[in-house]
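Enquirer: no sequence on this one, just coordinates:
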């Protein structure tokens, strides 16, 4: 049994290997990750696969072995494409999970190192602190004022205080205050949360409004397919008396109607879109977030570290005793009382500062020529940051003296200090003057308390006001352009900060936030009626001295007003508001684990300009998905029509296409919509458009009309070619060849024209998309092979056509599609 000092040296490398070998990795089983065989089994249950298998069986029953084998190959080809797309999506999601995995500080070889949580082993010494999510079960070795939210396990909403008696910590819980050193006792599935089978890391697949719309559309088409199948089967049977051949024609139509590419395209676009965002330093925890990005109408941003550099320096000190402002911190020129303000500002900070403000205070203390040896002092008691407005107190002691230091919001420090009304008014005016320069202002106070015990509340001391410290934190160089970009794209920017109102107003005006002179404080928000809040929340853009409950009220009020809310946050108290917003944005570098857990995406490098990129990317994905589905609708209409209309209209050749022809076109359409359009670049001016409503229909009437008209015009072209073949006394196989050639060429031209709903092909031809030309080339090669290679011609029931006939088909296909380019050229986006 190791003693505490020995434990705190941590494990050696060999002990880590031995522990991992014995107890395994710290991983919760992910039951949502499916193997290829499981994916394949699910795929063959799909309606399209059932139709393919039925057609394949009929071919074999009829003795058409070659056609049956071709259909069997097609089944595996379709399944293969689906598996590849599914695996790509799951790999993307898996990669997102790895990147969003929290890091944990542990002691290894007597050195503190930061490692991914899955690398933790039993007997590791894990360091936990405020804002962190605990990644393994353990027992506390050393702690200070440690409280933990264990609601995920117990359901209790109040944090639990931890000490040497109540010393167990659990994976999945969150540290709400203090710090501790924990010896890990259980990892992975042996933890309490592992035994319960819970994991907050698992991505929940919730249906979004867009997914629900597409589900309804596909189900509607499936019902239409069943009805059409029955009609065609019956009509063919009444005409021929052949049950199986009639059934085959009915299956052909059902296959033509079913748009199974649409849900595949949706899941592929969202998963790969989330994966591509990683390149822009944004990690989305759920692919569905990509759908919402392009709809954001309001972004609520923190000031410190988001708008500003988060690199603080002390710019001014107001010495209350000397009644003067000091901005020269050369220790040779500092008065003793000014030095004391610096000392007490440091004493009221964490011993090892991590907050930029406290780092600035520590730096000034170290450079002030002070001879105090802080290592000789011990923290006797700590009052964590609390109160409205917030403040914090530390009590340090050695054998000679006790130091009680307090720092915090100037309003709070002035309220608890021994000052008269006139002094408070004068100091408040000074605070406003310092804040108007964009400075963050801190008040500093001290006290002497000879008797024990110390009071429960820090405000119960008799405080003596010492002075004010003004810290500068300049705006980031690019932030004005970022805010301008949000405004141009129809997104309102609101600043939500815990800082002093005048400081917030000053910074907001510098960076270009609209209407910066009007602000509300957290206490004002909480004191408002619900109706008053709804009236003012859209007009006000500056919210200062914010409280966690006030942030949540703002987010909920904006949502109630119909806004799609994005919100940035990095602290423990930001969790509820991040969770409530449509798009919770945590900061990767300075964000706490609790904030990252509550958020839906993480900006890795804390650069808000990446959020502009994310919004444009969300709009691009939505736009490209629209293009893909418009393409699917437009090409399915002629496919359905050429199977049904010759029969209904009494053409000489009534059954031009069989399941083999339909499945070939399906194999072309699948990669086109899921690969080609997914890789389309962003269109210019997309960020100048207004955000779309999250509840808006996927297609408006004009867009749907365009898709249908395009499909009908292509249909007219196909019927023209079929009629031409019949009028020219060409046999059925040549007629079939001509119609098939025309629809494949129409498909290629449709792919090219569908790249933009506003810009003509003369513009889109410049867009970089290598996969587009690969798919077109492969399609042409397969078409050419089917027209010239005898075995394929026999399978497709084709006969050779002349070059003139091929050019004729190509021309009809071109005309049936290119008309929309002419319309775009003359009318542009007026059509939409």
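Expert: Received, thanks. Everything numeric in this text was worked out from a predicted model, so none of it was measured.
Enquirer: low pLDDT regions in the stretch 201-350 of the chain?
Expert: Along the stretch 201-350 of the chain, the parts satisfying pLDDT under 70 run over 201-209, 211, 225, 240, 245, 249, 251-261, 264, 287.
Enquirer: again, only this time at 80
Expert: Where the stretch 201-350 of the chain drops to pLDDT under 80, the residues are 201-276, 278-279, 285-291, 330-333.
Enquirer: swap in the stretch 1-150 of the chain?
Expert: Scanning the stretch 1-150 of the chain for pLDDT under 80 picks out 1-8, 28-102, 131, 144-145.
Enquirer: can you show me the helices along it?
Expert: 4-7, 13-23, 36-43, 47-61, 65-99 (DSSP state H, counting those that start in this stretch).
Enquirer: how many residues are close by residue 174?
Expert: Neighbours of residue 174 under the rule other C-beta atoms under 10 Å: 24. Any C-beta I mention is one placed from the backbone N, CA and C, and that applies to glycine too.
Enquirer: actually residue 570, sorry about that
Expert: Residues within reach of residue 570, counting by other C-beta under 10 Å, total 26.
Enquirer: all numbers from here: first residue = 43
Expert: Sure, I'll start counting at 43 from here, so that last one is residue 612.
Enquirer: and the pLDDT at it?
Expert: At residue 612 the predicted local distance difference test score is 78.
Enquirer: which residues touch it?
Expert: Under the criterion of C-beta atoms under 8 Å, 6 or more residues apart in numbering, the neighbours of residue 612 are 344, 347, 628-629, 632-634, 637.
Enquirer: most surrounded residue in those residues?
Expert: Of all the contacts of residue 612, the highest neighbour tally under other C-beta under 10 Å goes to residue 628, namely 30 neighbours.
Enquirer: on that earlier part again, strands - which of the contacts of residue 612 land there?
Expert: By the criterion of DSSP state E, membership of the contacts of residue 612 in strands covers 628-629.
Enquirer: of the contacts of residue 612, which is the nearest to residue 544?
Expert: Taking C-beta to C-beta as the measure, residue 344 is the one of the contacts of residue 612 closest to residue 544, at 17.4 Å.
Enquirer: ok, the closest one - contacts?
Expert: Counted by C-beta under 8 Å, 6+ apart, residue 344 has contacts 537-539, 610-612, 616.
Enquirer: which of those are buried?
Expert: Buried residues within the contacts of residue 344, defined by neighbour count using 16 or more other C-beta atoms under 10 Å: 537-539, 610-612, 616.
Enquirer: closest to residue 394 out of those residues?
Expert: In terms of C-beta to C-beta, no member of those lies closer to residue 394 than residue 612, at 19.0 Å.
Enquirer: tell me how far the ends of stretch 318-338 are from each other?
Expert: Distance across stretch 318-338, first residue to last, is 19 Å (C-alpha to C-alpha, to the nearest Å).
Enquirer: okay, buried residues for it please.
Expert: Counting neighbours by 16+ other C-beta under 10 Å, one finds that the buried residues in stretch 318-338 are 318-319, 322-338.
Enquirer: tabulate the contacts of residue 344 (JSON lines), appending secondary structure and distance to residue 586.
Expert: Written out in JSON lines, the entries for the contacts of residue 344 read as follows (DSSP: H, G, I helix; E, B strand; the rest coil; distance: C-beta to C-beta, whole Å):
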{"residue": "537", "secondary structure": "strand", "distance to residue 586": "8"}
{"residue": "538", "secondary structure": "strand", "distance to residue 586": "8"}
{"residue": "539", "secondary structure": "coil", "distance to residue 586": "6"}
{"residue": "610", "secondary structure": "strand", "distance to residue 586": "16"}
{"residue": "611", "secondary structure": "strand", "distance to residue 586": "16"}
{"residue": "612", "secondary structure": "coil", "distance to residue 586": "17"}
{"residue": "616", "secondary structure": "helix", "distance to residue 586": "16"}
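Enquirer: how about the helices in the stretch 343-492 of the chain?
Expert: Assigned helices in the stretch 343-492 of the chain, in chain order: 378-389, 398-408, 452-458, 463-477 (criterion: DSSP H, counting those that start in this stretch).
Enquirer: quick revisit: just the ones in strands from the buried residues of stretch 318-338, please.
Expert: When the buried residues of stretch 318-338 are checked against strands using DSSP E, the ones located there are 324-326.
Enquirer: can you redo the residues you listed as TSV with distance to residue 725?
Expert: Below are these laid out as TSV (distance: C-beta to C-beta, whole Å):
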residue	distance to residue 725
324	20
325	25
326	22
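Enquirer: so which of these comes closest to residue 281?
Expert: For these, the nearest to residue 281 is residue 326 (54.7 Å; C-beta to C-beta).
Enquirer: mind listing what that closest one touches?
Expert: Under the criterion of C-beta under 8 Å, 6+ apart, the contact list for residue 326 reads 138, 316, 319, 332, 642-643.
Enquirer: if we use 6 Å, what do you get?
Expert: Residues near residue 326 by C-beta atoms under 6 Å, 6 or more residues apart in numbering: 316, 319, 643.
Enquirer: distance to residue 417 added to the residues you listed, as a markdown table?
Expert: Converted to a markdown table, the contacts of residue 326 look like this (distance: C-beta to C-beta, whole Å):
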| residue | distance to residue 417 |
| --- | --- |
| 316 | 48 |
| 319 | 46 |
| 643 | 42 |
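Enquirer: give me the neighbour count for residue 381.
Expert: Using other C-beta under 10 Å, residue 381 has 18 neighbouring residues.
Enquirer: now it, nearest residue through space, not along the chain?
Expert: In space, not counting the residues next to it along the chain, residue 381 is nearest to residue 410; the distance is 5.8 Å by C-beta to C-beta, 6 or more residues apart in numbering.
Enquirer: to residue 354, which of the helices of the stretch 343-492 of the chain lies closest?
Expert: Closest of those to residue 354 is helix 398-408, at 4.2 Å (criterion: C-beta to C-beta).
Enquirer: most remote residue from the middle of the chain, which is it?
Expert: Here the chain reaches farthest from its C-alpha mean at residue 771, the gap being 59.8 Å by C-alpha atoms, centre = their mean.
Enquirer: quick one: stretch 598-613 to chain centroid distance?
Expert: In terms of C-alpha atoms, centre = their mean, to the nearest Å, the gap separating the centre of stretch 598-613 from the centre of its chain is 15 Å.
Enquirer: cool, thanks, signing off.
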